[in-house]
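Novice: just a sequence and a predicted model for now, questions to come.
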Amino acid sequence: MIAVGCFNRWLFFYQMSTRSSIINHQSSPPVQPPKVLTIAGSDSGGAAGLQADLRTFAALKVYGMSVVTAVTAQNSIAVTSVHPLPPDFVAQQLDAVLSDYGATAVKTGFLGRTAVIETVAAKLHEYAPGFLVIDPVLVNHQGKAMFPEEVTAVYATRLFPLADLVTPNRAEAALLAGMAVNTLAEMEKAARRISALGPQNVLMKGGRDEGDMVDVFYDGDNIIHMRSPYIDTQNTHGSGDTLSAAVCALLARGMGMETAVRQAHQFTVHAIQKAAGWQLGAGHGPVAQW
């Protein structure tokens with residue numbers, strides 16, 4: 001497994017080379033950043049959703065764009081209200097962005113209703129971005145299902161066949177695979193079942209083994225365990241969004257899938273470590289993507 005220090009060195013040298021190119025801009029043509037789109041809900045507390053995605057995109061030096069699916073009233077303690085946007089307006093946003101800018105890579109976060117998922121699937125099929133990462137937001141922070149079963153089904157039938165990577169947590173994987181997902185062996189079995197729905201690559205978040213946190217990556221052939229020491233903090237809000245956004249950004253930058261997943265895993269671990277001692281609100285705080 002690539003160490004956090006290795007990732008930090010990679011990011012440091014990348015940032016230094018970027019600064020050097022800025023200093024020498026008069027003698028070199030400008031370098032155009034990859035364009036990356038998040039299709040997600042807005043978190044008024046700034047910890048998760050499209051806010052976390054855009055911070056991650058900025059940290060990894062890609063040009064971030066957003067299509068908003070819902071507006072929420074939430075903080076570190078609770079989500080008190082959700083205002084879903086109409087599917088036709090989601091479609092208009094997608095047309096506006098993709099018909100002009102296009103996108104090297106796209107990720108989805110909170111979609112919610114079946115009509116929105118179907119709209120997003122139709123537009124992504126139409127515009128065919130280079131990479132598609134699906135973070136299937138199906139459960140709340142307590143691991144309880146937020147939507148009726150047809151929402152899970154439409155993810156599997158409409159979006160998964162288009163996806164390059166799906167990034168469920170264990171509770172979401174249990175809904176998608178139709179089985180209990182508690183042990184590493186169950187995570188591996190569920191990853192294979194989810195891959196059979198369409199996406200070759202599955203990254204399952206939130207495993208525990210002998211005191212470590214373990215993400216399980218399945219590439220259609222091989223299972224890879226990505227371990228990190230457990231970090232004792234309640235500041236993990238938005239960590240799943242950060243992980244999927246980081247993979248999306250690194251794919252857009254030209255990394256292969258396994259390398260992008262490994263680097264995104266370490267980026268997310270580092271983001272949790274940096275924010276571990278924060279106390280921004282009374283509840284679950286954000287991670288630090290910078």
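Specialist: Structure's in. What do you need?
Novice: okay, now the unreliable bits of the protein?
Specialist: 1-29 (pLDDT under 70).
Novice: run the last query once more with 80
Specialist: The chain contains residues with pLDDT under 80 at 1-30, 141-142.
Novice: residue boundaries of the helices in it?
Specialist: 4-23, 49-59, 87-100, 114-127, 149-154, 170-177, 184-195, 239-252, 257-275 (DSSP state H).
Novice: so which of those helices comes closest to Pro34?
Specialist: Comparing those against Pro34 with Cβ to Cβ, the closest turns out to be helix 239-252 (3.7 Å). Glycine gets a C-beta too; all of them are placed from N, C-alpha and C.
Novice: deepest of the helices of the chain, which one?
Specialist: helix 239-252 (a mean of 28; mean count of other Cβ atoms under 10 Å).
Novice: angle of it against helix 49-59?
Specialist: 40 degrees (axes from the mean of the first three to the mean of the last three Cα atoms, to 10 degrees).
Novice: any idea how far helix 239-252 is from the chain center?
Specialist: 5 Å (Cα atoms, centre = their mean, to the nearest Å).
Novice: now do it against helix 170-177: the angle between them, please.
Specialist: Using the same axes, to 10 degrees: helix 239-252 against helix 170-177 is 70 degrees.
Novice: redo the helices of the chain as CSV? Include distance to Leu203.
Specialist: As requested, the helices of the chain are exported to CSV (distance: least, Cβ to Cβ, whole Å):
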stretch, distance to Leu203
helix 4-23, 16
helix 49-59, 15
helix 87-100, 24
helix 114-127, 19
helix 149-154, 18
helix 170-177, 10
helix 184-195, 8
helix 239-252, 7
helix 257-275, 6
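Novice: of all those helices, which one is nearest Asp219?
Specialist: The nearest among the helices of the chain, by Cβ to Cβ, is helix 257-275 at 6.4 Å.
Novice: return the closest one as CSV; C-alpha atoms alone will do.
Specialist: Provided in CSV are the C-alpha atoms of helix 257-275 (Å, rounded to 0.1, in the frame of the first residue of the first chain):
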residue,chain,number,x,y,z
MET,A,257,-7.9,3.0,-12.0
GLU,A,258,-5.9,1.1,-9.3
THR,A,259,-3.4,3.9,-8.9
ALA,A,260,-6.2,6.5,-8.7
VAL,A,261,-8.0,4.5,-6.1
ARG,A,262,-4.9,4.0,-4.0
GLN,A,263,-3.9,7.6,-4.1
ALA,A,264,-7.5,8.8,-3.4
HIS,A,265,-7.6,6.4,-0.3
GLN,A,266,-4.5,8.0,1.1
PHE,A,267,-5.7,11.5,0.2
THR,A,268,-8.8,10.8,2.3
VAL,A,269,-7.0,9.3,5.2
HIS,A,270,-4.7,12.4,5.3
ALA,A,271,-7.8,14.7,5.1
ILE,A,272,-9.3,12.9,8.1
GLN,A,273,-6.0,13.1,10.0
LYS,A,274,-5.6,16.8,9.5
ALA,A,275,-9.1,17.6,10.8
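Novice: quick one: residues in contact with that helix.
Specialist: 1-4, 6-8, 10, 56, 59-60, 164-165, 201, 203, 213, 215, 217, 219, 224, 226, 228, 231, 233, 235-236, 239, 242-244, 246-247, 250-251, 255, 285-289 (Cβ atoms under 8 Å, 6 or more residues apart in numbering).
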